[in-house]
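whatever this is, show me its structure:
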Amino acid sequence: MKQLFKISVLILFFFIISVQAKERKNMKISVISNGNKTIFSLNGSQASKELYAQLPLTVEVENFGNNEKIFYPPEKLSISNTPNANAKNGSLSYYAPWGDVVMFYKDFGSASGLYELGECISGLEYIKHMNGTIQIEKVD
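You can find the predicted model right below:
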């Protein structure tokens, strides 16, 4: 009986791990600006899950520096279990001190308070030209 219980617990454990892995793989978002769509694949971190849960969003995008576009989600994101970013062209990051999400269109590197959310998988060339109001949605 104990052996059967142990096997059942192991099966349940592997099922949960499998579902979580599938969920992380499938977390994709689209950012629409000026009629163009950019797709990001999220990394499954706590911050990326919280951003995903706030979608859909319609927000203003801003230029910052010569390498990134930023927007502010309605609620700040938790950074627990979220890796530090080493941002490059196409990185999606979260800058915790200001509470903004950053879309890089040029290499940047790392900075204190900058966390990785995911990476661009389509439409990288559109990030640099984003302006005004953008729409962010879940991709099925």
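
could you pull out the buried residues of stretch 79-92?
Ile79, Thr82, Ala85, Ala87, Gly90, Ser91, Leu92 (16 or more other C-beta atoms under 10 Å). All C-beta atoms are positioned from the backbone trio N, CA, C, and that covers glycine.

go on, stretch 99-111?
Asp100, Val101, Val102, Met103, Phe104, Tyr105, Phe108.

and Cys120, bridged to which residues?
Taking DSSP bridges as the rule, Cys120 bridges to Phe40.

is it in contact with Lys88, as I believe?
No - counting by C-beta atoms under 8 Å, Cys120 sits too far from Lys88 to count as a contact (10.1 Å).

what is the helix or strand containing Ile134 packed up against?
In this assignment (DSSP states H and E), Ile134 forms part of strand 132-139. The contact analysis (3 or more C-beta pairs under 8 Å, 6 or more residues apart in numbering; DSSP states H and E) places strand 132-139 against strand 28-33, strand 57-64.

how near is Ala53 to Tyr94?
Distance of Ala53 to Tyr94, computed by C-beta to C-beta, to the nearest Å: 14 Å.

can you pick out the residue with more neighbours from these two?
Tyr94 (26 against 11; other C-beta atoms under 10 Å).

A strand includes that one, no?
Yes - counting by DSSP: H, G, I helix; E, B strand; the rest coil, Tyr94 is located in a strand.

in contact with it, which residues?
Contacts for Tyr94 (C-beta atoms under 8 Å, 6 or more residues apart in numbering) come out as Ala47, Leu51, Leu77, Ile79, Thr82, Ala85, Asp100, Val101, Val102, Leu114, Tyr115, Leu117.
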